[in-house]
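Enquirer: structure here, sequence nowhere to be found:
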């Protein structure tokens, strides 16, 4: 603070240099420098421990008890909740449906996004227009998407079945059949996310050095060959990232299947009921058993971790098998120009 | 390292000239793409826009017309206003849902932007013990599937008496790992140390330095983070559905309720869907470019 600006007429004691006071200030300022960084990051950690980590650990505690939505905590029952849900056919059905929907959406979405990104990566006119076009579905809520597609995929007099009928094929039981309902729900997920993933891939593609493609052209590689042998392997970290996030989100799917019909139970025969829907039904449905809901939550948590690790290993293996080629190309390029 | 020296080294002067001609064009060699590319993109565009238009078409129709024509006409009919009126007077607490969605989305976005920028500033520009491991920890938490913690979170909310209240949705989402990571990344390069030092020399305290130097510098990334948080919050269903319920819904919860109670009349349901989606579609028309840039800069799902 500027001491010199105080005019002689005005005696302002607070502006007078006071050795005791300035020592205190220095101390305060040192303390400020030391503590502030922690203070600034503390909101995140406090919230994560309160609303993230604690509930996760507490889920395990709840899963070991009889615990009712209304009645609250009951007796300690050990692993009884786990053995109960593992014996329920509904649980296994939910797991099957979840995996089926996840695989159907995850695989098609990743492949479609890769191809679309390659298409967008060309020197097309009106770039932002097309990019915005693919991203539009992302701003629509999954519930809204689910309701719209529920009507489009109606078994009787739905838009899709009418179109299928026009081509001369029989109507598909989108809500009646197991696999068809999974395809319909996977379509909703893909509708909302494919464009998003496309843009992530596109950004990664634009970071691939042009020299590698030029070297490939000189070597006579076709466009398809360039895509398979350069683009895809070079996108490895991005593909891993997308697959992992898709796994974490996809295995918890709830919104779209919940509104695929008006009852929200996952179909008459539970043909599209997912694990998260089962958790909801155990905890907030007729049983009101938080203990069992928590047990399924923990099982799903472990499943997600396991699948995440498997996915990581597979994606790494697949892309590193062919990744040697471009890595060599980069070395060649660097060696030649140095 | 230029492309001409590379190509020249590999294949002689002819290739160099070829590379010269290609300079400034796309990375994939070749001229401007032909009609195949534009046809593919055209189909993709129709696929991503038609379902929304379909919702509007049916939302402007009536139950009988929908039942008779599975293929809707290409142009909307005139009942949209009337259907929206019915949505508003339906038993789904429409205005309450709209207000709740707006309050939750605005407060969550503001809070996420503020706390994430604060933490991002600290992680990127301040020196303190344990900075590296703590940042790694933040990133690692992004992989925790938090949806699975709903049972205890619900227990906590009922103990607090927050079930059915918007606080239960806002408070757990007030700062996100992704937000912290995003702002850290941005401020790392966008905020020069000289500016911070200048403010410190002028006698600014740490928090004042943040407020007057870091926050203004963070504006572009903060706006993007706010936009994505707003969209995420507006479209969220699972947790609001569980903790708020139908007595005090958000828009997605109300849409679900509309479908559950009026499932025989899709003109009503899809008019409701259209109205609930409209605010973000308007946002998209104004900020679509920024959204594209945000996704391409590494915004993450969720």
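Expert: Alright, I've got the coordinates. Being a predicted model, the structure only gives us computed values, none of them experimental.
Enquirer: C-alpha from now on. contacts and neighbour counts both.
Expert: Fine.
Enquirer: number of residues surrounding residue B:118?
Expert: 26 (other C-alpha atoms under 10 Å in any protein chain shown).
Enquirer: ignore what I typed, I meant residue B:125.
Expert: 19.
Enquirer: for it, phi and psi?
Expert: Note on residue B:125: its backbone torsions stand at phi -120, psi -10 [degrees, to the nearest 10].
Enquirer: return the residues in contact with residue B:261.
Expert: Going by C-alpha atoms under 8 Å, 6 or more residues apart in numbering or on different chains, residue B:261 touches residue A:262.
Enquirer: separation between it and residue B:88?
Expert: As judged by C-alpha to C-alpha, to the nearest Å, residue B:261 and residue B:88 stand 14 Å apart.
Enquirer: for residue A:185, same thing?
Expert: 29 Å.
Enquirer: and the two? Which one has more around it.
Expert: For residue A:185 and residue B:88, the more surrounded residue by other C-alpha under 10 Å is residue A:185, and the numbers stand at 28 against 14.
Enquirer: does the more buried one touch residue A:256 like I think?
Expert: Yes: using C-alpha atoms under 8 Å, residue A:185 makes contact with residue A:256 at a distance of 6.6 Å.
Enquirer: quick check: neighbours shared by the two?
Expert: Contacts common to residue A:185 and residue A:256, judged by C-alpha under 8 Å, 6+ apart, are residue A:146.
Enquirer: host element of the nearest residue to residue B:173 once chain neighbours are set aside?
Expert: Once flanking residues are discounted, residue B:173 sits nearest to residue B:108: 6.5 Å by C-alpha to C-alpha, 6 or more residues apart in numbering or on different chains. Taking DSSP states H and E as the criterion, residue B:108 maps to helix B:94-125.
Enquirer: average pLDDT across that helix?
Expert: Helix B:94-125 carries an average pLDDT of 96.
Enquirer: could you say what helices and strands the helix or strand following that helix packs with?
Expert: Counting by DSSP H and E, the next helix or strand C-terminal to helix B:94-125 is helix B:131-141. With contacts taken as 3 or more C-alpha pairs under 8 Å, 6 or more residues apart in numbering or on different chains; DSSP states H and E, helix B:131-141 sits against helix B:177-190.
Enquirer: if you count contacts, what does the helix or strand just after the helix it packs on end up packed against?
Expert: Counting by DSSP H and E, the element after helix B:177-190 in chain order, helix or strand, is helix B:193-201. With contacts defined as 3+ C-alpha pairs under 8 Å, 6+ apart, the packing partners of helix B:193-201 are helix B:206-209.
Enquirer: next one: residue A:34 from residue A:288, what distance?
Expert: In terms of C-alpha to C-alpha, residue A:34 sits 49 Å off from residue A:288.
Enquirer: tell me which helix or strand residue B:46 sits in.
Expert: helix B:35-59.
Enquirer: which ones are touching the residue nearest to residue B:173?
Expert: Contacts of residue B:108 by C-alpha under 8 Å, 6+ apart are B:170-171, B:173-174, B:229-230, B:233.
Enquirer: buried only: go through those residues for me.
Expert: The neighbour count (16 or more other C-alpha atoms under 10 Å in any protein chain shown) marks B:170, B:173-174, B:229-230, B:233 as buried among the contacts of residue B:108.
Enquirer: residue A:242: which of the residues you listed is nearest?
Expert: Relative to residue A:242, the closest of these is residue B:229; by C-alpha to C-alpha it sits at 19.4 Å.
Enquirer: tell me the contacts of the closest residue to that closest one other than its chain neighbours?
Expert: Closest residue to residue B:229 apart from its sequence neighbours, by C-alpha to C-alpha, 6+ apart: residue B:109 at 5.4 Å. By C-alpha under 8 Å, 6+ apart, residue B:109 lies in contact with B:174, B:225-227, B:229-230.
Enquirer: how far away is residue B:109 from residue B:297?
Expert: For residue B:109, the distance to residue B:297 - C-alpha to C-alpha - is 19 Å.
Enquirer: likewise for residue A:266?
Expert: From residue A:266 to residue B:297 the distance is 37 Å (C-alpha to C-alpha).
Enquirer: nearest residue to residue A:279 other than its sequence neighbours?
Expert: Nearest non-adjacent residue to residue A:279 (C-alpha to C-alpha, 6+ apart): residue A:293, at 4.8 Å.
Enquirer: so when I look at that neighbour, I'm seeing a strand, right?
Expert: No: read with DSSP: H, G, I helix; E, B strand; the rest coil, residue A:293 is helix and lies in no strand.
Enquirer: hang on, isn't it packed against residue A:285?
Expert: No: between residue A:293 and residue A:285 there is no contact, the gap being 10.3 Å when judged by C-alpha under 8 Å.
Enquirer: of these two, which one has the most company?
Expert: Each of residue A:293 and residue A:285 has its neighbours counted (other C-alpha under 10 Å); residue A:293 has more, 30 against 12.
Enquirer: report the contact partners of residue A:193.
Expert: Counting by C-alpha under 8 Å, 6+ apart, residue A:193 has contacts A:109, A:137-138.
Enquirer: what does residue B:118 give?
Expert: A:40-41, B:210.
Enquirer: just the closest of the residues you listed to residue B:218, please.
Expert: The closest of these, once distances to residue B:218 are taken by C-alpha to C-alpha, is residue B:210, at 10.1 Å.
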